[in-house]
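Student: Based on what follows, work out the 3D shape:
(one chain, ligands or ions: 2)
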Amino acid sequence: MSACPNPTPAPLIPGQPRVIIVGTGLAGLAAATQLSKQNVPVTLLDRAAKPGGNSIKASSGINGAPTRFQSQSAPDSEKEFYEDTVRSAGHPFKQSEAGEEEMREKLIKTVTGKSKGAVEWLSDEIGVDLSKVAQLGGHSRARTHRGDGGKPPGAAIVGALLEGLKGSPFVEVRTSSRVTRVLKEAREVTGVEYVTNVEGGDGGDEKTQTLQGPVVFASGGFAGDVRGMVSKYRPDLAGFPSTNEAREGSQPLLVDIGAKLVDMDHIQVHPTGFLDTKDASATVKFLAAEALRGEGGILLLDNGKRFVNELETREHVTDIVTKTATQMGTDLRQWDVTLLLDEGAASALDSHMQFYLWKGLIRKTTMGDLGQSTINAVQEYADIVAGKKEDPYGRTAFGNWTLSSVQPDSVAYVGKVTPVLHFTMGGVLFNDESQVLDSEGEAIPGLWAAGEVTGGLHGQNRLGGSSLLECVVFGRIAGNQAAAFYQQHYLAGKA
Ligand code: FAD
Ligand code: SIN
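Tutor: Ligands and ions are numbered 1, 2, ... in the order given. Presented below is the predicted three-dimensional model:
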């Protein structure tokens, strides 16, 4: 690597190498925080006009086990979280090639083993309230952490990390700047080429620029790239709406320099995106947070009947919805499903509910208004919650549901929901040190990746709450690794 004239870590100097982070979502911000703490100069580039990526939209929370916020009467463990994750990862985990199974196991061990520390880091060092815990689909325990009121978890976490970086002479954020090429000398990554003034910017002309230094890729997934990467890897998903903005995936930039992709056909369809009846043909939907079901909410068909364990994995719930519910007569592939909450479940998610009610995605009504079939289904569910009968679908956790005797004037909160493309499990192959691997399984020097851009960790289904977690765990690892690399390769011997 070329010699660097500044001998010790110094604030950003124009034209001098620095660590480059592609993406200002949670993975990028977690990496930047580690770098800034070690006084390593860092530039974050983001093609969007505002920082935060999909991370800022996160609505249910971040997983951690065991933490002090969880129920102490039925303690959770790292082992149970690991087992739930392996179960959810399914066949790619069990049937991977020799060597790959060990790699997948290490990734899951790392993310579950460091989950307690990730939640503690955010709450104790960064100052984010994560004191409320819900049980999401596919988890055997309530372990998804969010704040008690206030901002939804994604906005709270991203906001706090950005605030912490603000004012650091070692950190700069350049938005409206799309990375178009990764630069390499021999095998080592040495910088990026990027175009300024994309997606808004200051309205000036687009310009191509370069930055020198090691690179952390935190550019997110491709669930919004419906016409591009989604149709390439999963043409059968054409026509589904998405929770992600319609932007192309950035994984090909890494393939161009030799990175291997894994699990690209594993694309998560979340069972509950809001179907806004005022704009049913919208291709980008607001998500109906899984915590709505975690806190007690149920799903009903257009005949008013329940039909699934709402807390099964996303893969399972989506599968049952598409097989059982009535398909709507819209251009998009959408199904007629109602999400229903009682007052207890709704009160546990008060700030979310305010937003959904304000947006007209959920309305407050009475059971009487919803008809006898719904009253019967809700009464049966209330009896299951009260322990009077077993759930025929196997649900055993009911969050904050409180309604026991359903009356015509009992309050109900309802909204229409439909499956939506949400998350891409596939991405660049990486290891438990966040190094990006090539097709020989060798780490590419000077390059790390974290967050949704990576693949191999979640297998065929990601558990709710585990993406924010992977961003924190692998983002911090990538930041530390890049800091050490920068100090050794760009500073050592220059004092
Ligand atoms: P992102 O946060 O998406 O950030 C990537 C950034 O990279 C973006 O800002 C993008 O503009 C930028 N970028 C991409 N390519 C380039 C390029 N070439 N040049 C420059 N910049 C580029 N997960 C959970 O664990 N819990 C939740 O509660 C939760 N809720 C969610 C709710 C919604 C509505 C959505 C959409 C997702 C949710 N997820 C949740 C998933 C989770 O938010 C994301 O998977 C995760 O935040 C991804 O973080 P990231 O840092 O990898 O990428
Ligand atoms: C949600 O709130 O349902 C999204 C959670 C996630 O994607 O992990």
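Student: give me the number of residues near whichever residue of the stretch 101-250 of the chain sits closest to ligand 1?
Tutor: Closest approach between the stretch 101-250 of the chain and ligand 1, counting by C-beta to the nearest ligand atom: Gly220, at 2.8 Å. Every residue, glycine included, has its C-beta placed from N, CA and C. Here the number of neighbours of Gly220 (other C-beta atoms under 10 Å) works out to 31.
Student: show me what contacts it?
Tutor: Gly220 makes contact with 23, 25, 27, 53-54, 250, 451-453 under the criterion C-beta atoms under 8 Å, 6 or more residues apart in numbering.
Student: Let's see which of these end up in strands.
Tutor: For the contacts of Gly220, membership in strands holds for none, with DSSP state E as the criterion.
Student: Could you identify which of the residues you listed has the most neighbours?
Tutor: Result: Ala27 is most packed of the contacts of Gly220 (other C-beta under 10 Å), 36 neighbours.
Student: Quickly note the distance from it to ligand 1.
Tutor: 3 Å (C-beta to the nearest ligand atom, to the nearest Å).
Student: tell me the pLDDT at the closest residue to that residue other than its chain neighbours?
Tutor: Counting by C-beta to C-beta, 6 or more residues apart in numbering, Ala27 lies nearest to Gly451, which is 2.8 Å off, once chain neighbours are set aside. Each residue has a pLDDT score; the one for Gly451 is 98.
Student: who's in contact with Gly451?
Tutor: In this structure, Gly451 makes contact with 23, 25-28, 55, 218, 220, 467, 470-471, 474-475, judged by C-beta under 8 Å, 6+ apart.
Student: surely Thr365 meets Asp409?
Tutor: No: the criterion here is C-beta atoms under 8 Å, and Thr365 misses it with Asp409 at 10.5 Å.
Student: packing partners for the lowest-mean-pLDDT helix or strand in the chain?
Tutor: Ranked by mean pLDDT, DSSP states H and E, the helix or strand of the chain with the weakest confidence is helix 91-94, at a mean of 85. Judged by 3 or more C-beta pairs under 8 Å, 6 or more residues apart in numbering; DSSP states H and E, helix 91-94 is in contact with helix 100-113.
Student: ok, and does the helix it packs on reach over to ligand 1?
Tutor: No: applying C-beta under 6 Å from any ligand atom, one finds helix 100-113 out of contact with ligand 1, separated by at least 11.0 Å.
Student: How far off centre is the next helix or strand after that helix?
Tutor: Tracing the chain past helix 100-113, the next element assigned as helix or strand by DSSP states H and E is helix 115-120. Distance of helix 115-120 from the chain centroid (C-alpha atoms, centre = their mean, to the nearest Å) equals 16 Å.
Student: Give me the phi and psi angles of Thr180.
Tutor: Backbone torsions for Thr180, taken as degrees, to the nearest 10, come to phi -120, psi -10.
Student: And for it, the neighbour number?
Tutor: Look at Thr180: counted by other C-beta under 10 Å, it has 14 neighbours.
Student: same deal with Thr338?
Tutor: Quick note: Thr338 (other C-beta under 10 Å) scores 19 neighbours.
Student: List the contacts of the closest residue to it other than its chain neighbours.
Tutor: Ranked by C-beta to C-beta, 6+ apart and with sequence neighbours excluded, the top spatial neighbour of Thr338 is Leu300, at 4.5 Å. When the contact criterion is C-beta under 8 Å, 6+ apart, the partners of Leu300 are 306-307, 337-338, 340, 374, 377.
Student: Same check on Val198?
Tutor: Residues counted as contacts of Val198 (C-beta under 8 Å, 6+ apart) are 47, 176-178, 206.
Student: one step back: any chance of the contacts of Gly220 in a markdown table, with distance to Thr402 too?
Tutor: Rendered in a markdown table, the data for those read as follows (distance: C-beta to C-beta, whole Å):
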| residue | distance to Thr402 |
| --- | --- |
| Gly23 | 41 |
| Gly25 | 36 |
| Ala27 | 38 |
| Gly53 | 36 |
| Asn54 | 33 |
| Ser250 | 45 |
| Gly451 | 37 |
| Glu452 | 36 |
| Val453 | 41 |
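Student: Could I get these in a markdown table, plus columns for distance to ligand 2?
Tutor: Putting the contacts of Gly220 into a markdown table (distance: C-beta to the nearest ligand atom, whole Å) gives the following:
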| residue | distance to ligand 2 |
| --- | --- |
| Gly23 | 17 |
| Gly25 | 13 |
| Ala27 | 14 |
| Gly53 | 13 |
| Asn54 | 9 |
| Ser250 | 20 |
| Gly451 | 13 |
| Glu452 | 10 |
| Val453 | 16 |
